[in-house]
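Visitor: Got a predicted model here, sequence first, then my questions.
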Amino acid sequence: MWRWLHPYAKPEVVYHLLGRWLPWVTLGAVATLSIGLIWGLVFAPADYQQGDSYRIIFVHVPTAMLSMSLYLALAIAAFIGRVWQLKMADWALAAIAPVGMVYTFISLFTGAVWGKPMWGTWWEWDARLTSQLILLFLYIGVLALYHAFSDNRTGAKAAGILAMVGVINIPIIRYSVEWWNSLHQGATLTVFERPPMADSMLYPLLICLLAFALLAAALVMQRMRNEILRQELRRPWVKAQFAAELTEANNGQKGQA
């Protein structure tokens, strides 16, 4: 198995592989995001209790769920980087953390906007909200540690340790509404039970979940390509890549002229 995976530990191979997949993932993200948001925000029926204010669920729920999923991916990359000393896993920290941080912030912001008409306040030190805020601080801490050292390996090691330690917050977020008295409602989507909502609300929500997942994947892939170029800037293959792209751009300009 290691022989099969070994080529994908090479930065040049990963860079070109991500480049081939990126346009398709981006196209899928744009298409599903357009369908899901238009369906959910325009055509889905209003909730019988919350009215139209519930529609923020089509952004809040996907970003909240993916903020945890991205942190798990971050912790896995950190574990691989520490155990097998793979530099590509270390670089994945820099690619995943900013996307997860933005998703976490969006989930907190949309939750506050949703909470104002429902709870009568923008913020409560509720167990779910507080643990989600801690997740945001963990993302910020991972990024800060990654860039705090002049030596990339040292920064990646420190950031990876924080990422692995912080993973304990994920089950706290997930089960906070069950372990403590909480204003926050229970899980909207579960694996083993059908959500108690109409299909006209459920289907656009599932599409939005897929859309935000594809969007996160596209952003991580682009950031990973950028990080590879930053780390490998003096390598011959990077110089050859820049030369090829410059030649292609010049040929395109000549063709238009």
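Guide: Thanks, I have it. All values reported here derive from a predicted model rather than from experimental measurement.
Visitor: Name the nearest residue to A163, ignoring sequence neighbours.
Guide: Closest residue in space to A163, ignoring its immediate chain neighbours: A78 at 4.1 Å, by C-beta to C-beta, 6 or more residues apart in numbering. Placement of C-beta: from N, CA and C, glycine included.
Visitor: any idea which element that neighbour lies in?
Guide: Assigned by DSSP states H and E, A78 falls within helix 57-83.
Visitor: buried ones in that helix?
Guide: The neighbour-count check on helix 57-83 (16 or more other C-beta atoms under 10 Å) flags 57-68, 70-71, 73-78, 80-82 as buried.
Visitor: That one: what's the following helix or strand?
Guide: helix 87-119.
Visitor: And that next one, how far out from the chain middle?
Guide: 7 Å (C-alpha atoms, centre = their mean, to the nearest Å).
Visitor: That helix - what's its average pLDDT?
Guide: Helix 87-119 carries an average pLDDT of 94.
Visitor: For the very next helix or strand once past that helix, name the packing helices and strands.
Guide: From helix 87-119 onward toward the C-terminus, using DSSP H and E, the following helix or strand is helix 127-146. Using 3 or more C-beta pairs under 8 Å, 6 or more residues apart in numbering; DSSP states H and E, the elements in contact with helix 127-146 are helix 57-83, helix 87-119, helix 152-166, helix 169-179.
Visitor: quick one, the third one and helix 57-83 angle?
Guide: So the one you mean is helix 152-166. In terms of direction (axes from the mean of the first three to the mean of the last three C-alpha atoms, to 10 degrees), helix 152-166 departs from helix 57-83 by 120 degrees.
Visitor: do the same with the longest one
Guide: If you take the same axes, to 10 degrees, helix 87-119 sits at 150 degrees to helix 57-83.
Visitor: Show me what helix 87-119 is packed against.
Guide: Here helix 87-119 touches helix 11-38, helix 57-83, helix 127-146, helix 152-166, helix 199-231, going by 3+ C-beta pairs under 8 Å, 6+ apart.
Visitor: Looking at those helices, spot the one closest to Y48.
Guide: helix 199-231 (11.1 Å; C-beta to C-beta).
Visitor: tell me the mean pLDDT over the closest one?
Guide: In this model, helix 199-231 carries a mean pLDDT of 96.
Visitor: could we number from 42 for the rest of this?
Guide: Happy to do that; since the first residue is 42 now, the last one works out to helix 240-272.
Visitor: Let's test this: name the helix or strand in the protein with the lowest mean pLDDT.
Guide: Here the helix or strand of the chain ranked lowest by mean pLDDT, DSSP states H and E is helix 43-46, holding a mean of 58.
Visitor: Next one, pLDDT for N222 please.
Guide: pLDDT at N222 comes out at 68.
Visitor: on that earlier part again, so who does the residue nearest to A204 touch?
Guide: Counting by C-beta atoms under 8 Å, 6 or more residues apart in numbering, A119 touches 130, 134, 200-202, 204-205.
Visitor: So which of these is the closest to A252?
Guide: Out of the contacts of A119, the member with the shortest distance to A252 (by C-beta to C-beta) is L134, at 24.8 Å.
Visitor: how close does W155 get to Q173?
Guide: 13 Å (C-beta to C-beta, to the nearest Å).
Visitor: Compare these two and say which is more crowded by neighbours.
Guide: Q173 (23 against 18; other C-beta atoms under 10 Å).
Visitor: quick one, what contacts that one?
Guide: Contact analysis of Q173 by C-beta under 8 Å, 6+ apart lists 105, 108, 145, 148-149, 152, 214.
Visitor: What does the pLDDT read for it?
Guide: Looking at Q173, the pLDDT reads 96.
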